[in-house]
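Asks: Build me a model:
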Amino acid sequence: MIEQVFSYSTEDNTAVEKIIMDENINYIHMIFNKGEGLPEHYSNSNVYMTVIKGVLSIQLDEQEVHEYVRGAILKIPYNTKMNVKNLHDDVLELIVIKAPAPDHFNK
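Replies: Modelled structure (predicted):
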């Protein structure tokens, strides 16, 4: 078999699943319930964030909080301050791709 097959959770339970973490990309599946999210941090690569379900509330650097719904794809540059939250009742589900993989920036 040439291909590798990966899977991710289809439940609505809070999760940060690191699906693919190799030298090329990081592929991460995230699920947050109301009031949950990530600690404020700086992006360690170029981040491509796809909203699969719910409403993403995100503050980047010093700008106001912006909200994005299912189908939105965000491209966030390397070294951007990020504050990712679910401020809504519906479950928030995201796919996050970091490319190149963060190790690229640590060389």
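Asks: quick one: low-confidence ranges for this structure?
Replies: 107 (pLDDT under 70).
Asks: Grab the most central residue of it for me.
Replies: residue 96 (3.5 Å; Cα atoms, centre = their mean).
Asks: Specify the beta-bridge partners of the nearest residue in space to that residue that is not next to it in sequence.
Replies: Computed as Cβ to Cβ, 6 or more residues apart in numbering, the closest residue to residue 96 that is not its neighbour in sequence is residue 28, at 4.4 Å. In short, each C-beta sits where N, CA and C put it, glycine included. Beta bridges link residue 28 to residue 18, residue 96, judged by DSSP bridges.
Asks: what about residue 28, neighbour count?
Replies: Neighbour count for residue 28, taken as other Cβ atoms under 10 Å: 20.
Asks: Who are the contact partners of it?
Replies: By Cβ atoms under 8 Å, 6 or more residues apart in numbering, the contact set of residue 28 is 16, 17, 18, 19, 95, 96, 97, 98.
Asks: Packing partners of the one helix or strand residue 58 maps to?
Replies: Per DSSP states H and E: residue 58 is located in strand 55-60. Applying 3 or more Cβ pairs under 8 Å, 6 or more residues apart in numbering; DSSP states H and E, we find strand 55-60 packed against strand 66-69, strand 73-76, strand 81-85, strand 92-98.
Asks: No more questions from me, cheers.
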